[in-house]
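Visitor: build the 3D model from these lines:
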Amino acid sequence: MNDQLKELSVLLSNGVFAPSMKASTKEGILAELSDLLVASGKIKAENRDSVLSALVDRESKMSTGMQYGLAIPHAKSDLVAKLVTMIAISSEGVEFGSLDGAPATIFVATLSPRADANSHIKFLAEVSRQLSSRRIREQLLSAKTKEEMILAICGARDAD
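Guide: Next up, the predicted model:
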């Protein structure tokens, strides 16, 4: 595993995981991600609405729906001291304004402090690079645990 993947693995290990999202709309997914941050203790309950607003505001500027069923919702907020990661799966898929028009099934989200643009950009770039592989996306969709999700994204393999 190269240094970038090791760093990504550490960030993801401290993150939030949801192998079965319930929401069926973009707004619902963003709300559910915000709720997961509260439930995991990554943000305080009283900050949930502010975090949701940051995610919605970022999404309103340009959709974070990519292609191949991937969406990478992200925002900057001073309500977190360091970068927080989330990986979530929706087996049904959610319309997310994706580049290819396909519903999003994989959500890799991040919330980072405004002052830490470097970690934010590095995380988004590495996640995008890893998830460009169809095999990695397929493995992630079949993962049921946090460990399986991290292995799917960070395990050593050739990209395709």
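Visitor: quick check: buried residues in stretch 35-52?
Guide: 35-37, 42-43, 47-48, 51-52 (16 or more other CB atoms under 10 Å). Every residue, glycine included, has its C-beta placed from N, CA and C.
Visitor: kindly report the same for stretch 139-150.
Guide: 139-141, 143, 146, 148-150.
Visitor: secondary structure, pLDDT and distance to residue 4 for the residues you listed - can I get that in a markdown table?
Guide: Formatted as a markdown table, the buried residues of stretch 139-150 follow (DSSP: H, G, I helix; E, B strand; the rest coil; pLDDT from 0 to 100; distance: CB to CB, whole Å):
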| residue | secondary structure | pLDDT | distance to residue 4 |
| --- | --- | --- | --- |
| 139 | helix | 95 | 19 |
| 140 | helix | 94 | 18 |
| 141 | helix | 95 | 23 |
| 143 | coil | 93 | 21 |
| 146 | helix | 91 | 20 |
| 148 | helix | 93 | 21 |
| 149 | helix | 93 | 18 |
| 150 | helix | 93 | 14 |
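Visitor: nearest to residue 100, of those?
Guide: Of all those, the one with the least separation from residue 100 (CB to CB) is residue 141, at 16.5 Å.
Visitor: residue contacts, the closest one?
Guide: Residues in contact with residue 141 (CB atoms under 8 Å, 6 or more residues apart in numbering) are 69, 89, 91, 105-106.
Visitor: likewise for residue 42?
Guide: 16, 80, 84, 111.
Visitor: so it sits in a strand?
Guide: No: Residue 42 is assigned coil when assessed by DSSP: H, G, I helix; E, B strand; the rest coil, not a strand.
Visitor: could we number from 529 for the rest of this?
Guide: With the count now opening at 529, the last piece we talked about shows up as residue 570.
Visitor: tell me how far it lies from residue 545.
Guide: Distance of residue 570 to residue 545, given as CB to CB, to the nearest Å: 12 Å.
Visitor: could you pull out the helices for the protein?
Guide: In the chain, the segments counted as helices under DSSP state H are 531-541, 554-567, 576-589, 645-658, 662-670, 674-682.
Visitor: give me the residue at the spatial middle of this protein.
Guide: For the chain, the residue whose C-alpha lies nearest the mean C-alpha position (CA atoms, centre = their mean) is residue 636; its distance is 1.6 Å.
Visitor: tell me the one of the buried residues of stretch 667-678 nearest residue 657?
Guide: Nearest member of the buried residues of stretch 667-678 to residue 657, counting by CB to CB, is residue 668, at 14.1 Å.
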